[in-house]
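**Student:** Provide a 3D model corresponding to the input given below.
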Amino acid sequence: MSKYVHRFYTAVSVLASHGYIKQRLVEAYEGSLTFIDTDDMPGALRKSFAELRRLMNQVAPLNGEGPICASVRKMSIEEADECAHRIIDLYSDMVRLSDSAQKNLPLHVEDKPASTPVLVKAN
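**Tutor:** A predicted model of the protein is given here:
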């Protein structure tokens, strides 16, 4: 399983909580995804994560504000919503990739008796 699945799960949980979309987006990204290195992401997701990172850091900060807050502040509600959907899609893709990487388990169990036979004493 990818070491970042839990971070994305936490971000998605924040996005699903109450509050304004822009506040939730900033909290989700800053709290869980800021320090993920794009090169550490699975190869199939690097491009998508790099694009999310670009969107979340595209505005120069003002007056002590961070680049993520500045970028989200300048976004429309629709753009913020699109970034939130990108996070959810990345999480979904990571789970799917990690599930396909796990060992395939057999779909049936060998025929074995459900319980061990017990001798019954007849009177």
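**Student:** Now Ser13: which helix or strand?
**Tutor:** helix 5-15 (DSSP states H and E).
**Student:** pLDDT averaged over that helix - what is it?
**Tutor:** On average, the pLDDT along helix 5-15 is 95.
**Student:** Stretch 71-87 too?
**Tutor:** Stretch 71-87 comes out at a mean pLDDT of 97.
**Student:** cool, stretch 51-65 as well?
**Tutor:** Stretch 51-65 comes out at a mean pLDDT of 94.
**Student:** circling back to that earlier point, what is the helix holding Ser13 packed up against?
**Tutor:** Here helix 5-15 touches helix 21-28, helix 77-101, going by 3 or more CB pairs under 8 Å, 6 or more residues apart in numbering; DSSP states H and E. Every residue, glycine included, has its C-beta placed from N, CA and C.
**Student:** Single out the most deeply packed of these.
**Tutor:** helix 21-28 (a mean of 19; mean count of other CB atoms under 10 Å).
**Student:** what's in contact with that one?
**Tutor:** 10-12, 14-15, 17, 68-69, 72-73, 75, 77, 80-81, 83-84, 87 (CB atoms under 8 Å, 6 or more residues apart in numbering).
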